[in-house]
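>>> generate coordinates for the sequence data below:
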Amino acid sequence: MFSKKKMNEFTGGSSDKTVLIREKIQRVDAVVIGAGAGLSTAAGFTYSGERFEKYFADFGEKYGFSDMYSGGFYNYDTLEEYWAYWSRYIYVNRYMDPPTDLYKQLFQLVENKDYFVLTTNVDHCFQKAGFDKNRIFYTQGDYGLLQCSKPCHHETYDNEEIVKKMMVSQGYRIEAGRLTVPEGAQIRRTVPTELVPRCPKCGRPMSMNLRADNTFVQDAGWEAAAKRYERFMEDHRGQNVVFLELGVGYNTPGIIKYNFWQYAHNWRNAFYVCINKGDAYVPKEIENKAVGINADLAEVLYLCNS
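Sure, this is the predicted structure:
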């Protein structure tokens with residue numbers, strides 16, 4: 001079992017740590033990125049505050065919640081209202097671009113390297129920034145996919161077209177990917193019954209393809225991505241590899257964090273990097289081949305690219 005060592009707060013400037021990270025990435029054979037929710041938060045995909053008030057104030061006022069995450073678990077009276085909420089949730093977090101270019105900065109850091117991305121994020125930000133979809137494993141699902149809620153079969157379905165129809169039905173206008181409200185329009189907190197998505201095989205309501213319980217569908221695309229990740233790791237065993245962990249907390253540490261610790265410990269030529277504001281740890285067992293930075297990801301990645 002590893003013993004954790006918390007990193008001191010990063011002070012920025014010409015940090016030796018950012019120079020070390022940049023040099024390590026330039027010299028290694030491969031980079032494995034492990035990305036958690038903290039990366040998208042740093043990119044501006046926040047679930048409360050201004051973004052919540054802009055798109056969900058009517059739901060918050062009626063039901064008393066103040067963040068998108070809480071609203072996603074609310075037991076709405078009708079499927080029409082449930083999908084009014086979730087279509088907004090999906091659109092602003094999957095089909096709109098993140099407020100900053102943080103993911104593009106990350107891509108610039110590794111685009112000329114042999115890389116692979118392992119992520120628990122479900123917002124598709126990596127592909128939007130230019131990352132190769134065949135080098136990404138979305139372990140926890142995708143806001144852009146629907147599945148049967150039972151599920152009666154193991155297929156998923158793209159939801160972009162139906163989500164856009166739901167947004168328009170509520171009174172929004174979609175202009176260059178952004179949501180606007182026409183002058184004088186009243187935003188509705190429901191969608192027409194005919195837009196409620198149902199399973200094409202059994203007729204049950206559809207649900208999001210998100211790993212919330214044992215109904216999560218690991219479709220053919222998920223299985224293929226898992227195999228590509230396994231093959232990448234096997235192909236680079238024994239090589240110089242940087243494990244770059246970004247914004248990963250302790251909700252599901254077994255997917256990225258603990259695995260990265262094990263690889264760094266067991267692979268002689270591996271190097272572990274952990275960047276996470278307020279939650280950056282490096283196990284003592286690998287502290288001679290690791291660096292941790294307790295700081296804002298945007299600040300650190302900017303310095304790494306400088």
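
>>> past the longest strand along the chain, which element shows up next along the chain?
Determined from DSSP state E, the single longest strand within the chain is strand 141-148. Using DSSP states H and E, the next helix or strand after strand 141-148 towards the C-terminus is strand 157-158.

>>> return the distance of that next one from the chain's centre.
Put simply, strand 157-158 sits 18 Å off its chain's centre (CA atoms, centre = their mean, to the nearest Å).

>>> over to stretch 90-99?
Worked out by CA atoms, centre = their mean, stretch 90-99 lies 11 Å from the chain centre.

>>> mind jotting down where the strands sit in the chain?
Per DSSP E, the chain carries strands over the ranges 30-35, 114-119, 136-138, 141-148, 157-158, 173-175, 178-180, 206-210, 241-246, 270-275, 290-293.

>>> next, the buried residues of stretch 90-99.
Neighbour counts using 16 or more other CB atoms under 10 Å place 90, 91, 92, 93, 94, 95, 96, 97, 98 of stretch 90-99 among the buried residues. From N, CA and C alone the C-beta is placed, and that goes for glycine too.

>>> equivalent analysis for stretch 122-132, please.
Across stretch 122-132, burial judged by 16+ other CB under 10 Å covers 122, 123, 124, 125, 126, 128, 129, 131.

>>> who's in contact with the fifth one?
Right, residue 126. 35, 103, 117, 119, 136 (CB atoms under 8 Å, 6 or more residues apart in numbering).

>>> try the fourth one
Taking CB under 8 Å, 6+ apart as the definition of contact, the neighbours of residue 125 are 39, 40, 43, 45, 98, 103.

>>> how's this protein carved up into domains?
Domain ranges of the chain: 16-42+98-139+219-305, 50-97+160-196, per automatic domain parsing.

>>> first to last residue in the longest one, what's the distance?
With CA to CA, to the nearest Å as the measure, the ends of domain 16-42+98-139+219-305 fall 14 Å from one another.

>>> dump the contacts of residue 125 to JSON lines, plus pLDDT and distance to residue 52.
Listed next are the contacts of residue 125 as JSON lines, based on pLDDT from 0 to 100; distance: CB to CB, whole Å:
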{"residue": "39", "pLDDT": "97", "distance to residue 52": "20"}
{"residue": "40", "pLDDT": "97", "distance to residue 52": "15"}
{"residue": "43", "pLDDT": "96", "distance to residue 52": "16"}
{"residue": "45", "pLDDT": "95", "distance to residue 52": "12"}
{"residue": "98", "pLDDT": "92", "distance to residue 52": "16"}
{"residue": "103", "pLDDT": "98", "distance to residue 52": "21"}
